[in-house]
Every structure is written in C-alpha cells, then in structure tokens.
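# The following comprises the amino acid sequence and a computationally predicted model.
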Amino acid sequence: MEVVGIDNPLMDCLLSLGRMPGSNEFVRLDEYSWQGGGKVSTAFAALGRLGVKTGIIGVIGDDPFGKFCIKDFHRHMVDTSRLIVDKEGTTSLSFVINEKDKKTRSFMIKQGVRRVLTVDDLDEEYITSAKILHIASLSEVSAAAARMAKKKNMQVVIDADIYDDEFIENMYLLDVLIGSEFFYKNAFGDDQNYRKNLKSLQQKGPGIVVITLGEKGCVVLDGDNYFEMPAFTDIEVVDTCGAGDVFHGAFILGMLKGWESERITRFASAVAAIKCTRIGGRAGIPDYKMTEEFLANGTVDYPSLDERVKLYESALFDLSMLD
C-alpha cells in the first residue's frame with residue numbers, strides 16, 4: 001500500500017440529459033450510471049487503474065450501496081480494512097445531473113451515515129505504512145492524521161474546496177495543495193494574479209500549489225517554478241463529474257514515480273481529460289498504458305472504456321457486485 005486516505009465514500013446516481021425539465025414537463029434521459037463517489041475515494045479508483053495500491057479510512061453504511069462501494073474499491077486495489085461499517089446508517093446518496101445543453105452539473109445529496117469518524121479511530125501504524133496521505137479537508141481528524149504522517153516524513157496531499165480559518169491554521173501540515181476553482185475564488189475572489197496568490201498559499205506551508213481551472217487547465221507553483229498547463233481540448237467532453245478527483249489520483253502517481261512537476265501535471269491533465277469522455281467519475285478512467293498512448297499520439301482505447309460504462313450501468317443490479 002503506497003497511499004492512504006480519509007473519506008466517507010458515497011454512491012453516485014448519474015443522470016445525463018439534454019436539459020432539465022420544467023414543472024410537469026417530460027424530457028428524455030440519455031444515459032444513467034451507478035458509480036462510487038467521494039473525492040479521495042475516486043482519486044483512489046484512479047490510482048488503482050494506474051497500478052497503485054491504496055487504503056481508505058472512513059465510514060460507510062451497512063446497505064447495498066455500501067456493499068457496492070466496497071466491492072468497487074476492491075476492483076481498484078483499495079484496501080478497506082479500516083473502513084468502518086455503520087450498522088445503523090446508510091451510505092450517502094448523490095444524484096448528479098449532467099445537462100448537456102448548458103454543460104453544467106447539479107447535485108442532490110441525501111446524507112446517510114450517523115457514525116462520525118473520530119481521532120480515536122485512526123490507526124497510526126496503518127497510516128504511516130504508506131508513502132503519501134491524501135485528504136480532502138483539514139478537519140480535526142484529517143489534521144490529526146496529517147500530524148501522524150509528518151512524524152514519519154510522509155507527504156500530505158489535499159484536495160481543497162474550502163478556504164477558512166481552520167484550513168489556514170493547519171496549512172503547515174501540507175506538502176501539496178491542489179485546490180479547485182471554487183477554493184481559489186473563496187480565497188482570492190476574482191483576482192487572477194495567480195503567481196502572486198499561489199505564492200501566498202505556498203508561504204503558509206505547501207511546497208507545491210496547484211489550482212485546477214476546468215477547461216482552462218491549471219496553474220502550478222512548485223518552489224520558485226511557476227507555470228500554466230492548458231487543458232486537453234481535442235476530445236469530446238461527455239461529463240466532467242470527478243475530473244478533479246481523478247486529476248489528484250494521477251498527480252499522486254507522478255509523485256510516487258519522482259517525476260518533475262511539469263510531467264506530473266501534464267499526465268494528470270491527460271488522465272482527467274480521458275475520464276471526461278464517459279459518464280461519471282470512474283467509468284472513463286484510463287489505465288497507465290492508455291494514458292501514455294494518448295500523450296504520444298492523441299488516441300484513446302474507447303472500446304475498453306465503453307465496457308466499463310456497461311459495467312457501471314448495470315452493476316447495482318448485478319448480485320455478483322454485492323457478494
């Protein structure tokens with residue numbers, strides 16, 4: 001196990017349609033899919049596709065959705081031995097609606113688990129057996145895990161959406177900060193002096209700061225090296241759900257391989273771009289060979305991705321997924 005992370009996995013019901021219906025109106029559903037969700041969880045699915053073993057720490061419900069998520073973790077080389085099954089709770093359910101005409105997504109979430117992960121649930125030996133800790137917040141529990149990791153000189157990577165006092169207070173624990181466009185706007189508003197603002201974040205702790213900007217690509221500051229990486233645009237985008245999570249997983253792979261930041265960022269951008277050609281956060285994740293071929297000649301093995309799409313379309317109703 002090379003990477004360990006903290007997350008409460010959830011179930012995604014993904015619906016793709018031309019546009020949302022109005023009241024009492026009918027529209028045709030183009031596509032649907034059942035896939036596991038969660039920031040760290042989906043990053044780990046990407047790492048599994050890329051050949052890396054990981055371990056997840058969190059809470060999940062004792063229900064068919066929870067069994068599905070655990071089975072899908074195992075398919076992606078994710079150890080679930082530290083995943084707590086809440087006998088009294090259900091797995092959180094997220095409906096993700098992709099409107100093709102507007103190129104937008106909407107989310108509806110029903111929170112499930114009642115059991116809350118605590119600091120006492122953390123197994124320091126398990127956490128420090130890995131090389132990298134991946135988290136999605138700097139809550140009390142995640143910060144405690146990060147402090148355990150730092151004692152063993154592990155690298156700590158965060159998928160950041162929220163910039164608040166708690167986050168600022170604990171930024172010293174981070175090695176790599178990868179923030180979304182929402183995170184950036186929360187911190188700096190409409191100020192697009194990326195170099196200056198990334199530097200201000202870097203001075204609070206992380207040596208590498210990345211801000212993902214969707215179709216505009218991303219901006220990166222690694223030490224004193226600032227650069228901008230454009231997104232791959234010569235593909236048909238079907239669904240951007242999970243693109244950022246997948247980017248994180250691929251970025252961590254590059255860290256494990258010891259690549260320079262430009263190569264890491266280009267590779268992660270390619271993995272995220274290929275994912276966007278299929279519905280949901282997981283069906284379109286490429287493996288390592290497919291990504292390298294895409295970077296070399298722009299081709300994608302779409303038939304193999306379509307097999308994954310079919311799997312996720314029917315997986316919830318396939319009893320073998322619940323064994």
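Structure received. Numbering: from 1, shown residues only.
# mind checking which helix or strand the residue most central in space within the chain is in?
Centroid-nearest residue in the chain: Asp245, 1.9 Å away (criterion: C-alpha atoms, centre = their mean). In this assignment (DSSP states H and E), Asp245 forms part of helix 243-257.
# do the same with Ile235
Using DSSP H and E, Ile235 falls outside every helix and strand.
# now do Asp190
Counting by DSSP H and E, Asp190 is part of no helix or strand.
# pretty sure Tyr172 is in contact with Gln202, am I right?
No - under the criterion of C-beta atoms under 8 Å, Tyr172 makes no contact with Gln202, lying 11.6 Å away. Glycine gets a C-beta too; all of them are placed from N, C-alpha and C.
# All the helices of this protein, residue numbers only.
Taking DSSP state H as the criterion, the chain contains helices spanning 39-49, 64-75, 124-127, 140-151, 165-170, 181-188, 194-202, 243-257, 261-275, 288-297, 302-314.
# rewinding a little: would you mind telling me which of Tyr172 and Gln202 has the busier surroundings?
In this view Tyr172 and Gln202 are compared by other C-beta atoms under 10 Å, and Gln202 has more residues nearby, 20 against 11.
# what residues are up against Asp79?
For Asp79, the contact set (C-beta atoms under 8 Å, 6 or more residues apart in numbering) comprises Met1, Lys53, Thr54, Gly55, Ile56, Phe73.
# tell me the pLDDT at it?
Per-residue confidence (pLDDT) for Asp79: 98.
# which residues does it bridge with?
Gly55 (DSSP bridges).
# before we move on, back to that, pull out the buried residues from the helix holding Asp245.
Buried residues in helix 243-257, counting neighbours by 16 or more other C-beta atoms under 10 Å, are found at 243-256.
# From the residues you listed, pick the one nearest Ile264.
Using C-beta to C-beta, Gly254 is the member of those that sits closest to Ile264, with 3.1 Å.
# isn't the closest one right next to Arg266, touching?
No - counting by C-beta under 8 Å, Gly254 stays clear of Arg266, with 9.1 Å between them.
# Name all residues that make contact with the closest residue to Leu198 other than its chain neighbours.
Leaving out its chain neighbours, the residue that sits closest to Leu198 by C-beta to C-beta, 6 or more residues apart in numbering is Leu221, at 4.0 Å. Going by C-beta under 8 Å, 6+ apart, Leu221 touches Arg195, Leu198, Lys199, Gln202, Ile208, Val209, Val210.
# gap between the third one and Tyr226?
What it means is Lys199. In this view, Lys199 and Tyr226 are 8 Å apart by C-beta to C-beta, to the nearest Å.
# do the same with the second one
Summarising the geometry, the distance separating Leu198 from Tyr226, computed by C-beta to C-beta, is 7 Å.
# likewise Gly18?
40 Å.
# same check, this time on Val238
32 Å.
# same thing with Phe294?
Counting by C-beta to C-beta - Phe294 and Tyr226 are separated by 26 Å.
# now Glu236
Taking C-beta to C-beta, one finds Glu236 at 31 Å from Tyr226.
# ok, these two, which is more surrounded?
Taking other C-beta under 10 Å, Glu236 and Tyr226 do not tie; Tyr226 has more neighbours (16 against 6).
# And the closest residue to Val220 other than its chain neighbours, how far from Thr265?
Distances taken as C-beta to C-beta, 6+ apart place Val210 nearest to Val220, at 5.0 Å, with adjacent residues excluded. Val210 is 7 Å from Thr265, where distance means C-beta to C-beta.
# what do these two both touch?
Counting by C-beta under 8 Å, 6+ apart, the residues touching both Val210 and Thr265 are Cys218, Val220, Phe251.
# so how far is Ala46 from the closest residue to the last one other than its chain neighbours?
Leaving aside its sequence neighbours, Phe251 sits nearest to Ala268 (C-beta to C-beta, 6+ apart; 4.3 Å). The span separating Ala268 from Ala46 equals 9 Å under the rule C-beta to C-beta.
# Give me the common contacts of the two.
Shared contacts of Ala268 and Ala46, counting by C-beta under 8 Å, 6+ apart, come down to His248, Ala250.
# Let me see the contact set for Ile274.
By C-beta under 8 Å, 6+ apart, the neighbours of Ile274 are Ile235, Gly284, Ile285, Pro286, Met290, Thr291, Phe294, Val300, Leu305.
# mind putting those in a markdown table, distance to Gly37 and neighbour count included?
Output for the contacts of Ile274, formatted as a markdown table (distance: C-beta to C-beta, whole Å; neighbours: other C-beta atoms under 10 Å):
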| residue | distance to Gly37 | neighbour count |
| --- | --- | --- |
| Ile235 | 23 | 15 |
| Gly284 | 14 | 28 |
| Ile285 | 13 | 29 |
| Pro286 | 19 | 28 |
| Met290 | 22 | 21 |
| Thr291 | 22 | 22 |
| Phe294 | 25 | 20 |
| Val300 | 23 | 19 |
| Leu305 | 18 | 20 |
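# Out of the residues you listed, which comes closest to Val78?
Ile285 (13.0 Å).
# Quick check: chain neighbours aside, which residue is closest to the closest one?
Arg49 (4.6 Å).
# hang on, the one you found packs against His76?
Yes - look at Arg49 against His76 with C-beta under 8 Å: they come within range, at 6.5 Å.
# All set now, cheers.
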